[in-house]
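In: Pasting the sequence and the predicted coordinates here, then a few questions.
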Amino acid sequence: MDLVLCADRANLADVSRLAGSKAELDKLALLRSYDPGSSPGDDEVPDPWGGGDTEFDRALVLIEQACRGLVGQLASPPS
């Protein structure tokens, strides 16, 4: 399975422009789409650059939650 995960919609849009086909577009997703706690409108990893430790800690928590969801999905038997 090929998958390209993006942190936010701006990244996703940039990568989408590079896709050469519908099949390639189908391999793109927001990382937090794998986070069972995310909701539409709250599915991006905020850029912590320029912020303090709190912003970096929050971004890390969101990334870890999404990665756990991704691993859970990859480990599940296909339906």
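Out: Received it, and whenever you're ready, just let me know what you need.

In: How about the residue nearest the centre of the chain, nearest residue that isn't a chain neighbour?
Out: Taking CA atoms, centre = their mean as the criterion, L31 is the residue nearest the geometric centre of the chain, at 0.9 Å. Spatially, and ignoring its direct neighbours in sequence, L31 is nearest to L5 (4.3 Å; CB to CB, 6 or more residues apart in numbering). Where you see a C-beta, it was placed from the backbone N, CA and C, and this is true even at glycine.

In: Quick check: the residue nearest to the centre of the chain touching V45?
Out: Yes: between L31 and V45 there is a contact at 6.1 Å, judged by CB atoms under 8 Å.

In: So for these two, which residues contact both of them?
Out: In terms of CB atoms under 8 Å, 6 or more residues apart in numbering, L31 and V45 are both contacted by the residues 7, 63, 66.

In: ok so, going back, please determine how far the residue nearest to L31 is located from S39.
Out: Plainly put, L5 is 18 Å away from S39 if you go by CB to CB, to the nearest Å.

In: quick one: which of those two has more around it?
Out: L5 (20 against 8; other CB atoms under 10 Å).

In: And that one, its phi and psi?
Out: Backbone torsions of L5, given as degrees, to the nearest 10, read phi -110, psi 140.

In: Is it bridged to anything, and to what?
Out: A29 (DSSP bridges).

In: so it sits right up against L30, yeah?
Out: Yes: counting by CB under 8 Å, L5 touches L30, with 7.2 Å between them.

In: Return the set of buried residues in stretch 33-48.
Out: 33-35, 38, 43-45 (16 or more other CB atoms under 10 Å).
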